[in-house]
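Engineer: got a predicted structure here, sequence first:
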Amino acid sequence: MIYTKLPHTELEVSKICLGTMTWGRQNTEIEGHEQMDYAFEQGINFFDTAELYPIPPHPDRFADTEKIIGTWFKKTGNRDKIILASKIAGKAEFTKFIRTTGFRRESLIEAVNGSLERLQTDYIDLYQLHWPERATNYFGQRGYTHDRSDFWEDNIHQVLETLRDLVDEGKIRHVGLSNETPWGTMRFLEESKVHKSLPRMITIQNPYSLLNRLFEVGLSEISIREKIGLLAYSPLGFGVLSGKYLGGLKPANGRITLFPNYKRYSSSNSEKATQMYFDLAKENELSLTQMALAFVNSRPFITSNIIGATSMEQLKENIGSINITLGEDIIEEINKIHELFPNPAP
């Protein structure tokens, strides 16, 4: 395994992070424990979860993923060997069953305390804001269209104050963003620069893959210059970049088969690009999965690549990508395909 440091900390994390959002829906508790056992054996010490998981969210399964991680910690005693990340759900129609969502002081405190109880731990190493409170271009939107009905008032100072208090109490150690834009990222960073007592955002968890390289447009420079590391999620685009949906196939347990409304990576241009990436991988005696993950692993702004799996076979292949180095010739060919089909999945 390869390790990096969480920016501005001494915490070393595996370059492959274990994603968990299927546990409690597509995976049982036993399967979740098996995945954690194997990942830990392979040197993965970084787990990412959220109070909203499993996905798709449902009141009857609320926070079941955190509970599964909690029972594994209790069973194995490995809590002190894992760097644990979780998230508070943002404001949305599909999160109203959780609480009056958003990042008000009482919401943040309630969310952190709930996660600590379910995870059976006294602290969370990295606590993230799952998506912005304001109306902006997250979750599948390429561009920003201003919503005049959005009456969001800038509360970033107050959010950081609450997070500071939670850090001071020892309940969380560090803070990060997720599904954030360049404006939002810089706004948080500038606030903590001006007000030195406020915690600094050290990571940003956004989508990044061969089908979605939008992070490179504005956020990659911010990431490198400001040292806010990318935790890349959906590096296989809901499994599309395994190639298993090519030719109109619908594997029985595939995420898009089970949840057809998750079509962010299923456009016609996404399929054309995926076929070209598949062919390129085959020419180089790689699986598409290996090539897609190795590409993400190689980017200079990546702190960790969040992989997920519903089977042990998938998990082993995904983790194994850390041992693959792509040559400059393959990178060049990848970039040629990207020029033909730039970011087909926003």
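Structural biologist: Here it is on my side, so go on.
Engineer: alpha carbons only for contacts and neighbour counts from here, please
Structural biologist: Will do.
Engineer: tell me which residue lies farthest from the centre of the chain.
Structural biologist: Each residue of the chain has a distance to the centre, and by C-alpha atoms, centre = their mean the biggest one is for Glu283: 29.9 Å.
Engineer: show me the contacts for Ser270.
Structural biologist: For Ser270, the contact set (C-alpha atoms under 8 Å, 6 or more residues apart in numbering) comprises Leu211, Phe341, Pro344, Ala345.
Engineer: hey, which helix or strand in the protein has the poorest pLDDT?
Structural biologist: helix 255-258 (a mean of 78; mean pLDDT, DSSP states H and E).
Engineer: which parts of it are buried?
Structural biologist: Arg255, Ile256 (16 or more other C-alpha atoms under 10 Å).
Engineer: go through the helix or strand immediately after it in the chain and flag the buried ones.
Structural biologist: Moving toward the C-terminus from helix 255-258, the next helix or strand (DSSP states H and E) is helix 268-283. Buried residues in helix 268-283, counted by 16+ other C-alpha under 10 Å: Asn269, Ser270, Glu271, Lys272, Ala273, Thr274, Gln275, Met276, Tyr277, Phe278, Leu280, Ala281.
Engineer: so can I have CSV of these showing pLDDT?
Structural biologist: CSV is the format used below for those (pLDDT from 0 to 100):
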residue, pLDDT
Asn269, 93
Ser270, 93
Glu271, 93
Lys272, 95
Ala273, 96
Thr274, 95
Gln275, 96
Met276, 97
Tyr277, 98
Phe278, 97
Leu280, 98
Ala281, 97
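Engineer: by neighbours, which of the contacts of Ser270 wins?
Structural biologist: Leu211 (28 neighbours; other C-alpha atoms under 10 Å).
Engineer: that residue contacts Leu340, doesn't it?
Structural biologist: No - assessed by C-alpha atoms under 8 Å, Leu211 is found out of contact with Leu340, at 11.5 Å.
Engineer: ok, back up a step: closest to Glu180 among the buried residues of helix 268-283?
Structural biologist: Ser270 (23.0 Å; C-alpha to C-alpha).
Engineer: could you pull out the helices in this protein for me?
Structural biologist: With helices called from DSSP state H, the chain shows them at 29-41, 64-76, 105-119, 156-168, 182-194, 219-226, 255-258, 268-283, 288-298, 312-320, 328-340.
Engineer: now tell me what touches stretch 140-147 from outside.
Structural biologist: Under C-alpha under 8 Å, 6+ apart, the answer for stretch 140-147 is Ala135, Thr136, Asn137, Leu214, Arg264, Ala345, Pro346.
Engineer: contacting residues for the spatially closest residue to Phe295 that is not a sequence neighbour?
Structural biologist: Of all residues not flanking Phe295 in the chain, Leu326 sits nearest, at 7.0 Å (C-alpha to C-alpha, 6 or more residues apart in numbering). Contacts for Leu326 (C-alpha under 8 Å, 6+ apart) come out as Met291, Ala294, Phe295.
Engineer: now Ala39
Structural biologist: Taking C-alpha under 8 Å, 6+ apart as the test, what Ala39 contacts is Leu18, Asn45, Ile319.
Engineer: again, but for Arg225
Structural biologist: Per C-alpha under 8 Å, 6+ apart, neighbours of Arg225: none.
Engineer: now do 10 Å
Structural biologist: Going by C-alpha atoms under 10 Å, 6 or more residues apart in numbering, Arg225 touches Leu219, Phe301.
Engineer: now do it, the pLDDT please.
Structural biologist: Looking at Arg225, its pLDDT reads 97.
Engineer: use 339 as the first number from now on
Structural biologist: With the count now opening at 339, the last piece we talked about shows up as Arg563.
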